[in-house]
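Enquirer: My questions concern the predicted model and sequence given below.
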Amino acid sequence: MKSFVFIQSEAGVINKNSLEALCGIQKLSSRPSITAITFDEQSVETLSGYNIDRVLHLKNPLLQSYNPLAYVEAIQKIIQTEQPNLFAFGHTYEARDWVPRLSARLDIPFISDCTKIRFENNTIFTRHIYQGKIACDLTSSSETTILSIQSGSYRSDEVDSGSSATVENQEVDIVEDKRISQEDKFQESKGTVDLANSDLIVSIGRGIEKEENIPIAEELAQAIGAEIGSSRPVVDYGWVPHDRQIGSSGHIVSPKLYLAVGISGAVQHQVGMKGSEAIIAINKDKNAPIFEIADIGIVGDIFEIIPKLTAAIKEHKQKS
Amino acid sequence: MKVCVLVKSVIDKDSRFEIKEGLVHFDSYSDRTTNESDNYALEEALLIKESSDQDVEVVVACLGSEDSSQSIKDCLSKGADRAIHILDEKFNSLDALSISKVLKNALEEEKFDIILSGLQSDDIGNGQIGILLSEHLNMSHASLAMETELNGAEKIRVKRELEAGWFQWTTLSLPASITIQSGINKPRYASLRGIMMMKKKPIKVLSSSDIGIELNQATSLLEQSIPKKEKETKFFDGEADSFMDDLINSMANDLKVI
Ligand SMILES: Cc1cc2nc3c(=O)[nH]c(=O)nc-3n(C[C@H](O)[C@H](O)[C@H](O)COP(=O)(O)OP(=O)(O)OC[C@H]3O[C@@H](n4cnc5c(N)ncnc54)[C@H](O)[C@@H]3O)c2cc1C
Ligand SMILES: Nc1ncnc2c1ncn2[C@@H]1O[C@H](COP(=O)(O)O)[C@@H](O)[C@H]1O
């Protein structure tokens, strides 16, 4: 078996999710040959220190910064000439933007956002559906299969190191296509809260139902001495400002306590809070994925539980 | 100008299900709703229509069974002009690449200037259809749009969301396929007048024979299951009063957070 892992990297800074994908491929029980492929010259040396067979650095000025149409063309050529069995990516926002296009161009399947890959006669791809509630095992009969690995599914610090990788620099021809042009990346002005340094966070999800109910959660936060965080929909509805959003497109936090109220625990939310020291979740649905990572799971209606919990915490604090 | 919105009807998030012989079965009376990000995509199309000085037609396209009809009608009630419903049992449970090929065949002759779709479906969640279609139809593309600016009849500028609060503006030559992120706008509700007008709006139904496509799907489903837990969870269930003392005790002494 022959596999490729695409390494997303900028000026020598390798995307962690790409390394997680590499780790996933390395851990396959019948280990395939592995080529790490990158457009970033500055990451070649680091990559050659991993336990892989080859580092392939593709060179073309159009690949210097993100350019979806140029990226598709470069990788399309590599897949056509090298015909790997697996071509893996980290499931980054950048991969979301161009890898489906590669799949359509080559007419080969792209199994996106996998949480696990394993080998049993055939490669088996596990991905979650219904917002994390159900796991689904798939196989592919295609000569080449493209896959992406969900952020956090493997550990980047478990990538095996090695010293036998060969390094290959290859020029690639690309016809410039100007239909898509990118401006510089920017960050919207930061808000005033510093969630990344908060020790205690009470986070509000769509289960809160309406804006008028938010004070219930705020009182709980006050009783604990916690900051307020939230899931994305609550920000989308305009109930909580954007700078309180936790998750892949908001903040990544790791407080001593993360108390999630009415949050289902979709992966894009989990990415932002999985590293918390203690996680408590209140949710009426016992199957909610948030419970998969919770230390304490309270199954029930937040409107019944929160006021009682708030009162009990106040009482406890007075006593101690 | 012609704008297409891809709309998927999905099973409601709160639906109960069980796994039988490695396959998920939902309660037969589960509700269906329009996929969350698709509502934002429709709203963006309607905003483009309303703010443009050109004539803009908004067409909803949906591949799905009979029970997708409500989602289609909702879109028409909110202001879409007409709909295309691709309806055929043969198209149940297709993978992303196959869905995109069906949509390509169904939509190609419309020659849309812009296709808007949700960034991800809440059920299968491939996060791919809008981008796959851009390649099939030779359009430019952008994903995770958080703002759009139509510049005349040739270009559209799109603010793309990146990870961790970063953004990037991208300019696309039309035709373009753009996937829409939730929160880009405030989706409207249908008005009573909209609901009345909906009844006169055309819904074209296409079957596999209208579409004429041979699908050789490479991926296949082995098994579905409940995901494994990563942590040992201490559960509190039932009447709040019955477990509150224990809970406080756990928070204070096990987790040491209060
Ligand atoms: C590219 C991308 C980026 C994203 N970025 C983020 C991000 O940064 N942050 C983020 O949070 N999401 C993000 N999302 C969205 C994410 O996929 C989920 O849709 C979102 O996290 C769901 O939020 P929620 O849990 O609040 O809502 P839901 O999923 O609707 O969950 C609500 C929960 O509340 C429970 N509930 C309802 N009523 C009650 C009650 N009375 N008592 C107790 N429980 C109740 C329900 O059982 C349910 O589990 C992103 C998605 C994509 C595709
Ligand atoms: N069956 C379908 N019919 C119409 N649009 C769809 C369908 N499946 C997916 N889409 C669109 O493509 C988006 C992404 O879906 P997915 O690639 O399944 O995550 C959805 O938000 C819809 O806008």
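Expert: Noted; the coordinates are in hand. Ligands and ions are numbered 1, 2, ... in the order given.
Enquirer: rest of the way, CA atoms for contacts and neighbours
Expert: Will do.
Enquirer: Domain-wise, how is chain A divided?
Expert: A:2-171, A:195-319 (automatic domain parsing).
Enquirer: Can the last one be said to contact chain B?
Expert: Right, the one you point to is domain A:195-319. Yes - residues of domain A:195-319 contacting chain B under CA under 8 Å from any CA of the partner chain: A:224, A:233, A:235-237, A:247-252, A:256-257, A:278, A:291-300, A:304-305, A:308-309, A:312-313, A:316-317.
Enquirer: Mind checking which of those are in strands?
Expert: A:Leu257, A:Ala278, A:Ile296, A:Gly297, A:Ile298, A:Val299 (DSSP state E).
Enquirer: Could you export the domains of chain A as CSV, including distance to B:Ala190?
Expert: CSV is the format used below for the domains of chain A (distance: least, CA to CA, whole Å):
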stretch, distance to B:Ala190
domain A:2-171, 27
domain A:195-319, 18
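Enquirer: Run a quick neighbour tally on the nearest residue to A:Ile14 once chain neighbours are set aside.
Expert: Closest residue to A:Ile14 apart from its sequence neighbours, by CA to CA, 6 or more residues apart in numbering or on different chains: A:Gln8 at 6.1 Å. By other CA atoms under 10 Å in any protein chain shown, 24 other residues sit near A:Gln8.
Enquirer: List the contacts of A:Gln8.
Expert: Each residue near A:Gln8 by CA atoms under 8 Å, 6 or more residues apart in numbering or on different chains is listed here: A:Ile14, A:Asn15, A:Ser18, A:Thr38, A:Phe39.
Enquirer: which of those count as buried?
Expert: A:Ile14, A:Ser18, A:Thr38, A:Phe39 (16 or more other CA atoms under 10 Å in any protein chain shown).
Enquirer: Among those residues, find me the one that's closest to ligand 1.
Expert: Checking the buried ones among the contacts of A:Gln8 against ligand 1 with CA to the nearest ligand atom, the nearest one is A:Ser18 at 16.7 Å.
Enquirer: and the residue in chain B that ligand 1 sits nearest to, what does it touch?
Expert: In chain B, the residue that lies nearest ligand 1 is B:Gln120 (5.6 Å; CA to the nearest ligand atom). By CA under 8 Å, 6+ apart, the contact set of B:Gln120 is B:Ser37, B:Asn126, B:Gly127, B:Gln128.
Enquirer: contacting residues for the first one?
Expert: Going by CA under 8 Å, 6+ apart, B:Ser37 touches B:Ser117, B:Gly118, B:Leu119, B:Gln120, B:Ser121, B:Ile180, B:Gln181, B:Ser182.
Enquirer: before we move on, back to that, may I see the domains of chain A organised as TSV, with distance to ligand 2 and mean pLDDT added?
Expert: TSV is the format used below for these (distance: least, CA to the nearest ligand atom, whole Å; pLDDT from 0 to 100):
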stretch	distance to ligand 2	mean pLDDT
domain A:2-171	9	96
domain A:195-319	14	95
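Enquirer: Which one of these lies nearest to ligand 1?
Expert: Of all the domains of chain A, it is domain A:195-319 that lies closest to ligand 1, at 3.2 Å by CA to the nearest ligand atom.
Enquirer: B:Ile72 sits in which helix or strand?
Expert: helix B:69-78 (DSSP states H and E).
Enquirer: Whether that helix contacts ligand 2 - can you check?
Expert: No - Helix B:69-78 is not in contact with ligand 2 by CA under 6 Å from any ligand atom; minimum separation 10.0 Å.
Enquirer: just to revisit the earlier point, show me the contacts of A:Gln8 that map onto helices.
Expert: Within those, residues falling in helices by DSSP state H are A:Ser18.
Enquirer: Kindly indicate which of the contacts of A:Gln8 lies nearest B:Lys8.
Expert: Nearest to B:Lys8 among these is A:Ser18, at 30.6 Å by CA to CA.
Enquirer: partner strands of the biggest strand by length in chain B, parallel or antiparallel?
Expert: The longest strand of chain B (DSSP E) is strand B:140-151. Next to strand B:140-151 in the sheet, as set by DSSP bridges, lie strand B:155-161 (antiparallel), strand B:176-180 (parallel).
Enquirer: tell me what the next helix-or-strand element following the longest one is packed against?
Expert: Proceeding C-terminally, strand B:155-161 gives way to strand B:166-173 as the next helix or strand, assigned by DSSP H and E. Here strand B:166-173 touches strand A:180-187, strand B:140-151, strand B:155-161, going by 3 or more CA pairs under 8 Å, 6 or more residues apart in numbering or on different chains; DSSP states H and E.
Enquirer: Mind putting those strands into CSV with distance to ligand 2?
Expert: Formatted as CSV, those follow (distance: least, CA to the nearest ligand atom, whole Å):
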stretch, distance to ligand 2
strand A:180-187, 20
strand B:140-151, 10
strand B:155-161, 16
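Enquirer: Let's have those in a markdown table, adding mean pLDDT.
Expert: Shown next, in a markdown table, are the helices and strands packed on strand B:166-173 (pLDDT from 0 to 100):
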| stretch | mean pLDDT |
| --- | --- |
| strand A:180-187 | 94 |
| strand B:140-151 | 97 |
| strand B:155-161 | 97 |
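Enquirer: Would you mind giving those as a markdown table with distance to B:Ser15 added?
Expert: As requested, the helices and strands packed on strand B:166-173 are exported to a markdown table (distance: least, CA to CA, whole Å):
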| stretch | distance to B:Ser15 |
| --- | --- |
| strand A:180-187 | 38 |
| strand B:140-151 | 27 |
| strand B:155-161 | 30 |
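Enquirer: May I see those organised as TSV, with mean neighbour count added?
Expert: Listed next are those as TSV, based on neighbours: other CA atoms under 10 Å in any protein chain shown:
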stretch	mean neighbour count
strand A:180-187	14
strand B:140-151	22
strand B:155-161	21
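Enquirer: To A:Asn213, which of the ones you listed lies closest?
Expert: Closest approach to A:Asn213 among those is made by strand B:140-151 (27.1 Å; CA to CA).
Enquirer: Determine if any part of the closest one is in contact with ligand 1.
Expert: No - among the residues of strand B:140-151, none lie within reach of ligand 1 under CA under 6 Å from any ligand atom; the closest is 6.9 Å away.
Enquirer: can you give me the angle that strand makes with strand A:180-187?
Expert: Per axes from the mean of the first three to the mean of the last three CA atoms, to 10 degrees, the angle that strand B:140-151 makes with strand A:180-187 is 80 degrees.
Enquirer: contact partners of strand B:140-151?
Expert: Applying CA under 8 Å, 6+ apart, the contact partners of strand B:140-151 are A:96-97, A:179-180, B:48, B:119, B:131, B:134, B:156-162, B:170, B:172-184.
Enquirer: residue contacts, the residue nearest to A:Asn85 when sequence neighbours are not counted?
Expert: Leaving aside its chain neighbours, A:Asn85 sits nearest to A:Thr144 (4.3 Å; criterion: CA to CA, 6+ apart). For A:Thr144, the contacting residues are A:Gln83, A:Pro84, A:Asn85, A:Leu86, A:Phe87, A:Ile108, A:Pro109, by CA under 8 Å, 6+ apart.
Enquirer: do B:Ile156 as well
Expert: Going by CA under 8 Å, 6+ apart, B:Ile156 touches B:Thr148, B:Glu149, B:Leu150, B:Thr171, B:Leu172, B:Ser173, B:Leu174.
Enquirer: A:Phe186 now?
Expert: Taking CA under 8 Å, 6+ apart, we find A:Phe186 in contact with B:Trp166, B:Phe167, B:Gln168.
Enquirer: The residues you listed into JSON lines, with extra columns for pLDDT, neighbour count and distance to ligand 1?
Expert: Compiled in JSON lines, these are given as follows (pLDDT from 0 to 100; neighbours: other CA atoms under 10 Å in any protein chain shown; distance: CA to the nearest ligand atom, whole Å):
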{"residue": "B:Trp166", "pLDDT": "91", "neighbour count": "15", "distance to ligand 1": "12"}
{"residue": "B:Phe167", "pLDDT": "95", "neighbour count": "21", "distance to ligand 1": "13"}
{"residue": "B:Gln168", "pLDDT": "96", "neighbour count": "17", "distance to ligand 1": "15"}
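Enquirer: Most proximal residue of the stretch 1-150 of chain B with respect to chain A?
Expert: B:Asp123 (4.3 Å; CA to the nearest CA).
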